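>>> One predicted model, sequence on top.
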Amino acid sequence: MALSDLSRESLLPSFLYSASPFAASSRLASSSYQAPAAASAPPAFGGGARGGKPFSINSPNEKIEMYSPAFYAACTAGGIASCGLTHMAVTPLDLVKCNMQINPEKYKSISSGFGVLLKEQGARGFFRGWVPTLLGYSAQGACKFGFYEFFKKTYSDMAGPENAIKYKTLIYLAGSASAELIADVALCPMEAVKVRVQTQPGFARGLSDGLPKFIKAEGAAGLYKGIVPLWGRQIPYTMMKFASFETIVELIYKHAVPVPKSECSKPFQLGISFAGGYIAGVFCAIVSHPADNLVSFLNNAKGATMGDAVKQMGVLGLFTRGLPLRIVMIGTLTGAQWGIYDAFKVMVGLPTTGGVAPVPAAEEVKAIA
């Protein structure tokens, strides 16, 4: 079979493209994204040089209807891929960061922290806790991205056409906060086990023996001991992540790109997604860092309270301990997440995120009429 034929075959689950009973009843309240025909489309900005054929990312022939159940399923799947894989990939950085927060006397800097881990645990020690990291952040990513798209559309419809555009940043903030509130409930148990495995050598090898030990020591309710500081870390982080990303990408297309987004090639759009995500990640790290220190402290020590953390670390320590490493980690992480998420959307035939304001249902109906 020719390569061009293979590129048109979807390797994704068929349910993403199957007809949905909900799609027909809500057709006037949603829109279908369809790429312009290749024969009539102008050359894409950001394509190949010297007049050659630009590199392209082929989408399946099937189309997913925007804001249909299949659309939200695709966004959920993209969130799983983007968050689970990226957090697992930066496990060594996360491991050093957590130990710097818990034991700064021993782990004095990034370089010395890696040296201590290598000496005491060997190269395999750099990936301790990767299983709860993968499972926890995959579940979180599913809820974070899937519910964000849902709440962003819902709040846009509630606001109406004019207010949805006028107050789009507030809609981004509200939608991301609502999504993260749910996502952290899925993440919290795995985060608790991960921190305990990573910061207490000898506690457990990983999830399989760490989870039973944790429940035996803290009880099942102990898995959610850190839910409040986790919300305190993740909700501001996610609000900054989505609102700043949407704003940054919109500004890039408006002021730095000489052609409309629709005329840019898909690889070029994905490059902007990564760049916008990295910049947003720097802001995310700064905003959420005090709560991140609290989460690490509470999940490391049995019976510890937030007051104990403030007393031991100090207010300045909450804001600064481990911050440089976290900026590098979260910037890279967030950029990669947006790149993977939008690449998945492109792969299933959806547009990349950002660059345009959310479209309320009422405006879509008017446009169709």
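Looks like it arrived, so ask away.
>>> Buried residues, the longest helix anywhere in the chain. List them.
Ordering each helix of the chain by length in residues (DSSP state H) puts helix 266-300 first. Neighbour counts over helix 266-300 (16 or more other C-beta atoms under 10 Å) mark 266-270, 272-300 as buried. All C-beta atoms are positioned from the backbone trio N, CA, C, and that covers glycine.
>>> tell me which element residue 170 is part of?
helix 168-199 (DSSP states H and E).
>>> Check which helices and strands that helix sits against.
helix 91-102, helix 130-159, helix 207-218, helix 227-251, helix 266-300 (3 or more C-beta pairs under 8 Å, 6 or more residues apart in numbering; DSSP states H and E).
>>> Next, the angle helix 168-199 makes with the helix or strand just after the first one.
Sequence order places helix 110-121 as the next helix or strand after helix 91-102, per DSSP H and E. Comparing the axes of helix 110-121 and helix 168-199 via axes from the mean of the first three to the mean of the last three C-alpha atoms, to 10 degrees yields an angle of 40 degrees.
>>> Tell me how far helix 110-121 lies from the chain's centre.
Centre-to-centre, helix 110-121 and its host chain are 28 Å apart (C-alpha atoms, centre = their mean, to the nearest Å).
>>> repeat for stretch 176-190
Counting by C-alpha atoms, centre = their mean, stretch 176-190 comes out at 12 Å from the chain centroid.
>>> Name the residues of it that come out as buried.
Of the residues in stretch 176-190, 176-180, 183-190 count as buried by neighbour count, 16+ other C-beta under 10 Å.
>>> which one among those residues gets closest to residue 262?
Ranked by distance to residue 262 (C-beta to C-beta), the buried residues of stretch 176-190 are led by residue 176 at 25.2 Å.
>>> ok, now which ones touch that closest one?
Residue 176 makes contact with 144, 148, 151, 238-239, 241-243, according to C-beta atoms under 8 Å, 6 or more residues apart in numbering.
>>> three-state assignment of the residue nearest to residue 153 when sequence neighbours are not counted?
Spatial nearest neighbour of residue 153, chain neighbours left out: residue 67 (5.4 Å); criterion: C-beta to C-beta, 6 or more residues apart in numbering. Assigned with DSSP: H, G, I helix; E, B strand; the rest coil, residue 67 falls in the coil class.
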